[in-house]
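1. requesting a structural model of the entry that follows:
(chains A and B)
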There are 2 protein chains.
Amino acid sequence: MADVGVVGPSSLVGGEILEVLAERAFPTSTLRFFGSMHTAGGWVERAGKEVRIDLARADSFNDLDVVFFAAGPTVAGEFAPAAAEAGATVVDCSSRFRLDPDVPLVVPEVNPEMVPHPRVPGILASPSATAVGLAVVLGPLAAAAGLVRVVVSTYQGAAGGGRRLVHRFGRDTVALLNAQGEGRSAGSLAFDCLPRVGTVEPGGATTHELHVVEETRKVLGEPELALSITAVRVPTFFGYGASIHLDTARPLTAAEATEVLRTARGVIVHDEAADLFPTPAGVAGSDATHVGRVRDDPGAPNGLALWIALDSVRKGGAVNAVQIAEIAIRER
Amino acid sequence: MADVGVVGPSSLVGGEILEVLAERAFPTSTLRFFGSMHTAGGWVERAGKEVRIDLARADSFNDLDVVFFAAGPTVAGEFAPAAAEAGATVVDCSSRFRLDPDVPLVVPEVNPEMVPHPRVPGILASPSATAVGLAVVLGPLAAAAGLVRVVVSTYQGAAGGGRRLVHRFGRDTVALLNAQGEGRSAGSLAFDCLPRVGTVEPGGATTHELHVVEETRKVLGEPELALSITAVRVPTFFGYGASIHLDTARPLTAAEATEVLRTARGVIVHDEAADLFPTPAGVAGSDATHVGRVRDDPGAPNGLALWIALDSVRKGGAVNAVQIAEIAIRER
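-> Model (predicted):
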């Protein structure tokens, strides 16, 4: 049994972590909640009881075995090292430590061996939803035939931008449908696609795109992988989609790739022949990464094309984090 | 001056053709409207007057110089040859004749020389919105540096599926926001992305994807171009977006590509350095193909990435068709 803390329990991913801990019967003896100045003092419902959110301090984590950080990178940077020093296994869902060379970045279906076992104090990072989905699907394909090049375009819903973006998107959508106010506000996602997630860096890629490339390389253990990505926010609430075109080193037909993915951990393949395909909203609530439209891509000698959809808050966030913690506390 | 007919004036593209003819002062002496059994007998407003839609017959087109077909492929297949035989220049916006080797497929910025001049009777085809946008942008880049490979993922709004899909999408969106009925209906675009446009063909690509590849090759005059595409319907009403990753034959930096596109016909480049980018809803009503996020793609030796947005009903439909007719009737 573990004494567990959750920092940021009122965020989208934080709230989902509470659900996932209960669903998966994570062996919890005590469960405590922490927040920043903005959220501390609030309450979270847990098993029918209201539980208070305490203000996170450097000494908050002394008696805890596992601490989930589901707050932003600033809060993680401030408190995750203290929690680790106090003896906890920290699982951080923010971007803060993902690319830190001293911190394992883990997708349990792909690189579970990166989690120290038996449990030792320290920080473990959970990747962005994009990198989780890519790693779950590209890992088995890389093992089967090697990857020469991967080109990805994403279809990311409002949830990836947190609770505030979900609320703003819903409000803007209703306002547009009612033709209220001055019409469309600048940068609104309502009935529009925004081809920029994060800020644009010198060279033209966004922070998010650069991070996803590095995170995926780190999880796959392929630091030189030729991975190109355009990340686009689309007007959906939950769920996440990506179009993937890839070239393998050795020939791998669509039929062979489908067989590889059918037996891959954490993957559900939808039957192309039966004209079935997964959609972002359709897979909401699922813990799997769903694959559809697997087909040969005649644009390259060993070309493959496919589409993936996953729930960015669950497998792309909370589920992956809880899976990491499960490995850490597992009995030998 | 020309005697003009429009078949399908009550479709999205048909209605827009009427607007564009007026805006561009297309030299029209008479303007007549034709429809199928479904739409004939209705009325269309034109310069403040209601004009009747006549039933299209094989002998409807005898006195017309130019006939726009903005109905489906079935109507085009039934009547466009008769109109051409009767002496008209036919501009068809449907998929019916786009890949017919005897029919020019024209994007005026790219291959205006395919339009016979002076005007001769015959059928000319206007490509799908996807192929129009790709041709306008890829044409100048191909001329500057050659194209080795192009990978495209699309973000297509409801308008591309016609008036019926626009209505259904709006209705489903309102119903979901109001939480009416049984919730999400199968295949609904409301707050979801559908990674299948058209029907899936043997091999896994959709009819639409296969057509777009062949149309783009035909317009560019590059029948062997390695062009891969995943077409996805997204929950927007109007406007069209595409993420493009391409490899050029000769080195072409993002800065050089930007300069090429700045002077290209029908293109507006949004300034990456100033963090400006075009969105599908943001370019609604525009006749240009808008380009943003032009950047080097380090995933390939001569890699480039960019994003395009255009109004699929205007430049992707009505504007392109009227431009074709303008070339056909132009005085020598």
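
2. any stretches of the stretch 151-300 of chain A with poor pLDDT?
-> For the stretch 151-300 of chain A, applying pLDDT under 70 flags the ranges A:180-184, A:272-275.

3. let's go with 90 and repeat that
-> Counting by pLDDT under 90, the stretch 151-300 of chain A has low-confidence residues at A:160-163, A:174-187, A:238, A:271-276.

4. for it, just list every one of the strands.
-> A:227-230, A:240-248, A:267-269, A:289-296 (DSSP state E, counting those that start in this stretch).

5. export those as a markdown table, with columns for distance to chain B.
-> C-beta: built from backbone N, CA, C; applies to glycine. Shown next, in a markdown table, are the strands of the stretch 151-300 of chain A (distance: least, Cβ to the nearest Cβ, whole Å):
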| stretch | distance to chain B |
| --- | --- |
| strand A:227-230 | 3 |
| strand A:240-248 | 4 |
| strand A:267-269 | 13 |
| strand A:289-296 | 3 |
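
6. Throw those into CSV and include distance to A:Ala76, thanks.
-> Putting the strands of the stretch 151-300 of chain A into CSV (distance: least, Cβ to Cβ, whole Å) gives the following:
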stretch, distance to A:Ala76
strand A:227-230, 24
strand A:240-248, 22
strand A:267-269, 29
strand A:289-296, 25
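
7. now those strands in a markdown table, with mean neighbour count?
-> Listed next are the strands of the stretch 151-300 of chain A as a markdown table, based on neighbours: other Cβ atoms under 10 Å in any protein chain shown:
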| stretch | mean neighbour count |
| --- | --- |
| strand A:227-230 | 26 |
| strand A:240-248 | 27 |
| strand A:267-269 | 20 |
| strand A:289-296 | 25 |
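
8. among those strands, which is nearest A:Gly160?
-> Closest to A:Gly160 of those is strand A:240-248 (Cβ to Cβ; 6.7 Å).

9. pretty sure A:Ile123 contacts A:Ser94?
-> No: in terms of Cβ atoms under 8 Å, A:Ile123 does not count as a neighbour of A:Ser94; the distance is 10.9 Å.

10. apart from its neighbours in sequence, what residue is nearest A:Ile268?
-> A:Ala288 (4.5 Å; Cβ to Cβ, 6 or more residues apart in numbering or on different chains).

11. give me the neighbour count for the one you found.
-> Applying other Cβ atoms under 10 Å in any protein chain shown, we find 20 other residues in the vicinity of A:Ala288.

12. tell me the contacts of it?
-> A:Gly266, A:Val267, A:Ile268, A:Leu310, A:Lys315 (Cβ atoms under 8 Å, 6 or more residues apart in numbering or on different chains).

13. quick one: the longest helix anywhere in chain A to strand A:289-296, angle?
-> The residue-count maximum for a helix in chain A (DSSP state H) belongs to helix A:129-145. In terms of direction (axes from the mean of the first three to the mean of the last three Cα atoms, to 10 degrees), helix A:129-145 departs from strand A:289-296 by 50 degrees.

14. quick one: work out the angle between helix A:129-145 and strand A:240-248.
-> Orientation note: helix A:129-145 sits at an angle of 30 degrees relative to strand A:240-248 (the same axes, to 10 degrees).

15. buried set for helix A:129-145?
-> A:129-142, A:144-145 (16 or more other Cβ atoms under 10 Å in any protein chain shown).

16. model confidence over it, on average?
-> Averaged over helix A:129-145, pLDDT sits at 98.

17. which strands or helices does it pack on?
-> Taking 3 or more Cβ pairs under 8 Å, 6 or more residues apart in numbering or on different chains; DSSP states H and E as contact, the helices and strands that helix A:129-145 lies on are strand A:147-156, helix A:207-220, strand A:240-248, helix A:254-262, strand A:267-269, strand A:289-296, strand A:303-310.

18. switch to 6 Å and redo it
-> With contacts taken as 3 or more Cβ pairs under 6 Å, 6 or more residues apart in numbering or on different chains; DSSP states H and E, helix A:129-145 sits against helix A:207-220, strand A:289-296, strand A:303-310.

19. okay, the ones you listed, which one's buried deepest?
-> strand A:303-310 (a mean of 27; mean count of other Cβ atoms under 10 Å in any protein chain shown).

20. what does the helix or strand following that one rub up against?
-> Helices and strands here follow DSSP states H and E; after strand A:303-310, the next one along the chain is helix A:319-329. With Cβ atoms under 6 Å, 6 or more residues apart in numbering or on different chains as the test, helix A:319-329 has contacts from A:2, A:20, A:66, A:68, A:89, A:91, A:93, A:106, A:108, A:112, A:115, A:119, A:124, A:126, A:132, A:287.

21. and helix A:319-329, how far out from the chain middle?
-> The chain centroid and the centroid of helix A:319-329 are separated by 13 Å under Cα atoms, centre = their mean, to the nearest Å.

22. between that helix and strand A:303-310, how many degrees?
-> Using the same axes, to 10 degrees: helix A:319-329 against strand A:303-310 is 90 degrees.

23. show me which positions of helix A:319-329 end up buried.
-> A:Val319, A:Asn320, A:Ala321, A:Val322, A:Gln323, A:Ile324, A:Ala325, A:Glu326, A:Ile327, A:Ala328, A:Ile329.

24. just to revisit the earlier point, go through the contacts of helix A:319-329 and flag which are in strands.
-> Secondary structure assignment (DSSP state E) places A:Ala2, A:Val66, A:Phe68, A:Thr89, A:Val91, A:Leu124 from those within strands.

25. how far off centre is stretch A:64-71?
-> Centroid separation for stretch A:64-71 versus its chain: 16 Å, with Cα atoms, centre = their mean.

26. can you pull the buried residues of stretch A:148-164?
-> Within stretch A:148-164, the residues that count as buried by 16+ other Cβ under 10 Å are A:148-161.

27. one more: stretch A:6-20?
-> Within stretch A:6-20, the residues that count as buried by 16+ other Cβ under 10 Å are A:6-18, A:20.

28. and those residues, which is closest to chain B?
-> Lowest distance from chain B to the buried residues of stretch A:6-20 (Cβ to the nearest Cβ) belongs to A:Leu12, with 16.1 Å.

29. which residues touch the closest one?
-> Counted by Cβ under 6 Å, 6+ apart, A:Leu12 has contacts A:Ala159, A:Arg163, A:Val313.

30. could I get the full set of helices for the stretch 51-200 of chain A?
-> A:73-85, A:129-145, A:163-177 (DSSP state H, counting those that start in this stretch).

31. which elements pack onto the shortest one?
-> Which is helix A:73-85. On a contact count with 3+ Cβ pairs under 6 Å, 6+ apart, helix A:73-85 meets strand A:66-69, strand A:89-92, strand A:122-125.

32. okay, it in PDB with CA atoms only?
-> This file holds the C-alpha atoms of helix A:73-85, laid out as PDB (Å, rounded to 0.1, in the frame of the first residue of the first chain):
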ATOM      1  CA  PRO A  73       5.600  23.100 -15.200                       C
ATOM      2  CA  THR A  74       6.300  26.000 -12.800                       C
ATOM      3  CA  VAL A  75       4.700  24.200  -9.800                       C
ATOM      4  CA  ALA A  76       6.500  21.000 -10.800                       C
ATOM      5  CA  GLY A  77       9.800  22.800 -11.000                       C
ATOM      6  CA  GLU A  78       9.200  24.300  -7.600                       C
ATOM      7  CA  PHE A  79       8.100  21.200  -5.700                       C
ATOM      8  CA  ALA A  80       8.900  18.000  -7.500                       C
ATOM      9  CA  PRO A  81      12.600  18.000  -6.500                       C
ATOM     10  CA  ALA A  82      11.600  18.500  -2.800                       C
ATOM     11  CA  ALA A  83       9.100  15.600  -3.000                       C
ATOM     12  CA  ALA A  84      11.800  13.400  -4.500                       C
ATOM     13  CA  GLU A  85      14.300  14.400  -1.800                       C
END
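
33. ok so, going back, mind checking how far the residue nearest to A:Ile268 is from A:Gly266?
-> 6 Å (Cβ to Cβ, to the nearest Å).

34. if we can go back for a sec, tell me which of the contacts of helix A:319-329 is nearest to A:Leu246?
-> Nearest to A:Leu246 among the contacts of helix A:319-329, with distances taken as Cβ to Cβ, is A:Val132, at 17.2 Å.
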